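# Kindly return the folded structure for what I paste below:
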Amino acid sequence: MIGRSGSGKSTLLRILGTIDRPDSGKVYIDGIDIFSLKDKELSKLRCEKIGFVYQDYNIFEEFSAYENIIMPFLIDNKEPDKDRVRNIMDSLNISHCRDKFPSQMSGGEQQRVSIARALAIEPAVIFADEPTGNLDAENAKEVAMLLGKAARQFNQTIVMVSHDRQMTDFADRIIQIQDGVICDSEPTII
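Numbers count the residues shown, from 1 in each chain. Model (predicted):
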């Protein structure tokens with residue numbers, strides 16, 4: 001989804017990601033009307049079906065890259081699939097960061113840890129809110145390419161919000177938002 005700052009992209013993403021409630025309408029994830037759920041059920045759905053990638057990485061400074069990636073499993077008292085996590089880290093070129101803390105990693109590496117954490121839980125959908133916004137042009141392009149690769153390799157649906165028109169080069173579909181309204185939607189060929 002692309003659009004200028006203030007166009008409603010992040011608001012729509014927050015609604016889709018169950019963080020905010022819509023004024024009207026319904027939102028379905030994996031066939032479930034998410035806002036018909038009670039808080040506990042919604043929380044469970046969020047843990048199991050939704051992955052988030054934030055612009056500011058949103059990783060914990062006191063934990064290593066690996067610990068950050070498996071954090072959703074620890075919170076949910078589940079055993080992580082170590083082979084899957086290793087495969088994701090290899091695919092995102094962050095295996096060398098396994099035992100590094102965020103302060104020891106570049107911005108691009110921290111963002112890839114954030115992506116790995118979202119992929120590890122095998123959600124129905126991953127929402128990425130300006131995931132390249134804090135990165136230089138080279139790292140932004142690399143992260144966008146890795147998101148596309150991850151979508152194909154791990155069979156993930158990724159909904160990315162950006163104001164950067166260059167990010168559309170990596171999308172399967174482009175949705176343009178203006179003043180809170182979808183004004184254009186076009187499939188692309190990659």
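# Find the least confident helix or strand in the protein, judged by mean pLDDT.
Across the helices and strands of the chain, the lowest-confidence element by mean pLDDT, DSSP states H and E is strand 181-187, at a mean of 76.
# helix or strand right after the helix ranked longest in the chain?
Looking across the chain with DSSP state H, the single longest helix is helix 137-153. On the C-terminal side of helix 137-153, the closest following helix or strand by DSSP states H and E is strand 157-161.
# could you show me where the helices are in this protein, in order?
For the chain, the helices identified by DSSP H occupy 9-16, 39-49, 65-75, 82-91, 107-120, 137-153, in order along the chain.
# Columns distance to residue 127 and mean pLDDT on top of those, output as a markdown table?
Using the backbone N, CA and C atoms, a C-beta is placed for each residue, glycine as well. Rendered in a markdown table, the data for those read as follows (distance: least, Cβ to Cβ, whole Å; pLDDT from 0 to 100):
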| stretch | distance to residue 127 | mean pLDDT |
| --- | --- | --- |
| helix 9-16 | 5 | 89 |
| helix 39-49 | 11 | 87 |
| helix 65-75 | 14 | 94 |
| helix 82-91 | 18 | 92 |
| helix 107-120 | 8 | 91 |
| helix 137-153 | 12 | 81 |
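# Most tightly packed of those?
Per residue and on average, the most neighbours among those fall to helix 107-120, with a mean of 25 (mean count of other Cβ atoms under 10 Å).
# That helix vs strand 157-161, what angle?
Angle of helix 107-120 versus strand 157-161, following axes from the mean of the first three to the mean of the last three Cα atoms, to 10 degrees, is 140 degrees.
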